[in-house]
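Trainee: return a 3D structure for these sequence lines:
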Amino acid sequence: MSHHIIELEDLHYSYPDGNQVLKGISFRITHGEKVALVGANGAGKSTLLLQFNGCLLPEAGRVRIGEMPVTKKTLKHVRRTVGLIFQDPDDQLFMPLVYDDVAFGPLNLGLTPEEVDRQVMQALAAVGAVHLKDRPPYHLSGGEKRAVAIAAVLSLAPAILVMDEPSSNLDPKTRRQLIELLKTFEHSLIIATHDLDLVLDLCPRTLVLKEGRIAADGPTRAI
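Mentor: Next comes the predicted model:
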């Protein structure tokens, strides 16, 4: 089985206050699929995405990346494979300069300075943000922060890309650039979004989440 395959089996998750958010989620995403996750606010989309790279771990059921279960013991490997872009880019930007934020991941992989610089510049170029590399993240607009957060994950060259509302706060030009970039991503892509035009443009398959359960799973244009 390819290590790019994601499989969820009877996944359940409740928050400490007892609120059960995910109720028996099961599905499989194969290598190269581009899949949208849609549903109303509070349906559990963000909570589900956080299961893919172990930010949250299920109380019952399991998540597997290929043959590897997502557990505390496998988190380091899983997070090299699954790149997660949060809904709020401020959750991912914490260094003094944009360049440092994008370089943080590659540096922690032990790459040489030359390799780090190459991956940082490629990632910034991919999202049209090279001109921001020497600026503090807190001086950026919402759309600029979004672009830099995406670059910070792309710099790790993930095999699976998971994105929470990636087009929010983007101007039309940057949004179109993002869609074209994601069309070139050759591995598995999972996007939680309310942007139905983006879904139609990018994702042949859509999962509909309703009250913590999968209400529909099929071709986007049929759903």
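Trainee: quick one: mean pLDDT for stretch 141-155?
Mentor: Per-residue pLDDT over stretch 141-155 has a mean of 91.
Trainee: for stretch 56-73, that is, sorry about that
Mentor: Across stretch 56-73, pLDDT averages out at 94.
Trainee: ends of that stretch, how far apart?
Mentor: 14 Å (C-alpha to C-alpha, to the nearest Å).
Trainee: quick one: contacts of it?
Mentor: Here stretch 56-73 makes contact (C-beta atoms under 8 Å, 6 or more residues apart in numbering) with 1-14, 22, 24-26, 47, 50-54, 74, 77-78, 81-82, 160. Placement of C-beta: from N, CA and C, glycine included.
Trainee: now do stretch 211-223
Mentor: 20-27, 36, 39, 43-44, 199-200, 203-209.
Trainee: show me what counts as buried in it.
Mentor: Buried residues in stretch 211-223, counted by 16 or more other C-beta atoms under 10 Å: 212, 214, 220.
Trainee: show only the entries of the contacts of stretch 211-223 found in helices.
Mentor: 199-200 (DSSP state H).
Trainee: now, of the contacts of stretch 211-223, which are buried?
Mentor: 21-22, 25, 27, 36, 39, 43-44, 199, 203, 205-209.
Trainee: just those: which are in strands?
Mentor: Secondary structure from DSSP state E places 21-22, 25, 27, 36, 205-209 of the buried ones among the contacts of stretch 211-223 in strands.
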